[in-house]
Structure formats: structure tokens, C-alpha cells
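[1] Sharing a model prediction with you, sequence too.
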Amino acid sequence: MKTALLLDSLEKQLASLRERAAPLAHHATVSARFDRHLFQTRSTLMRACLDEVDHNLAALRHAVDAGQLPQVAWLAEHLSSQLAALTRETATWSLREWDSASPGVTKWQRKRLQHQQYERRLQEMKRARELLLARATGFEEQQTLQRDVVALEGRLARCRSALARIENVLARLTR
């Protein structure tokens, strides 16, 4: 019974963490986010770390079902450490300095960070307008909100295009 509660608790923590980390799940960093002992993935994307936690949670469930107590204890502790690290990372992500010795690369990384923040804010604004549009009853109000949503989609497309260009520059600089 206690293991079922533990598994449910870990699953709820992971779901909550996924929700909080959603805006940064696809944003890459220059160097590895975590120690190799904590996360095996070589990717610098938050999504890859979250996927690894999912995999470890599935392994924990399997170990519990198989009755492998030493493996259950190790996996539970490891998952707890991974969740704590991801929680800290999402909380401090906006404060993180880019870790590169090259001033040119740093400039482009700052641009990327700035554009990623623009993208996140535009997505939030679009989502808010869409919710208002869904609740709108007046025809003029609906038209105004629809124009706002279309304008935000255009801004979001231009922002993503700029992000893609920045990523290409960074890829050339870090080869």
C-alpha cells in the first residue's frame, strides 16, 4: 500500500513538473544541464530529462511489481533526486547565465534567450485571447478578438522564424 502511495506521489510530482517546465521543454542550453550520474541523456533539452524521469518511473513500477526491493529503493531515491534537480532548474532557469567563453556565442545565446521569452509571452497572450474569444458573445467583440488572435499568430510565426535563424547561427559558431 505504501509503495502505491509513493508511486502516485511521484507521478503527481512529475505531472506538476511537466506543467511548470512546459515553456522551457524545447529550449536548449550550451552545456549539459545536469551531472551524468543524475541524468544519462546527452541532450541539453529539458524534455529529454523529463522523458528519462518517465522511463525511470516506469522501471520503478516494474521493479515494484517484480518485488525487487533493492532496485525499488535505488530507483525511488534516484527519481526523487531527479525530480528535485528538475524543480530547481525550472525555478532558476530565467536567472541562469549562458556558459560560454566566446563573446560572439554569448551574444547569440542571449538573443536566443530573449526570443524564447518573447515566444513564451506571445503564446500566453494568444492563449488568453482565445479563451476570451471562446467566451465572447457580441459579434464585434468576437471580430476584435479574432483579429487579435490572427495578429498574435503572425507575431509568433515571425518570432519562431527569428529563433530558427538564431539557432542556425549558433550551430555554425559552435561547430
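    Ah, there it is.
[2] Show me the residue sitting in the middle of this structure in space.
    Most central in the chain under Cα atoms, centre = their mean is residue 25, positioned 2.0 Å from the mean C-alpha point.
[3] thought that residue was touching residue 50?
    Yes. Between residue 25 and residue 50 there is a contact under Cβ atoms under 8 Å: 6.7 Å. Backbone N, C-alpha and C define where each C-beta goes, glycine included.
[4] so which strand or helix has residue 6?
    Assigned by DSSP states H and E, residue 6 falls within helix 2-21.
[5] Give me the next element, helix or strand, following that helix.
    Next along from helix 2-21, by DSSP H and E: helix 46-66.
[6] list the buried ones in the helix or strand just after that next one?
    Per DSSP H and E, the first helix or strand lying C-terminal to helix 46-66 is helix 69-92. Burial within helix 69-92, assessed by neighbour count using 16 or more other Cβ atoms under 10 Å, is assigned to 72, 75-76, 78-79, 82-83, 85-86, 89-90.
[7] same thing with stretch 8-24?
    Applying 16+ other Cβ under 10 Å to stretch 8-24 flags 10, 13-14, 17-18, 21, 23-24 as buried.
[8] tell me the pLDDT at residue 150?
    On pLDDT, residue 150 comes in at 96.
[9] now it: how far from residue 163?
    20 Å (Cβ to Cβ, to the nearest Å).
[10] Neighbour count for those two, which is higher?
    Between residue 150 and residue 163, counting by other Cβ atoms under 10 Å, residue 163 is the more crowded of the two (18 against 12).
[11] Now do that one against residue 110, distance only.
    13 Å.
[12] Neighbours of residue 58, how many?
    Neighbours around residue 58, by other Cβ under 10 Å: 10.
[13] scratch that, residue 64 is what I was asking about
    Residue 64 - counted by other Cβ under 10 Å - has 18 other residues nearby.
[14] Looks like it contacts residue 3 (just checking).
    Yes. Taking Cβ under 8 Å as the contact criterion, residue 64 and residue 3 are neighbours in contact, 5.2 Å apart.
[15] okay, and the common contacts of the two?
    Both residue 64 and residue 3 are in contact with residue 72, where contact means Cβ atoms under 8 Å, 6 or more residues apart in numbering.
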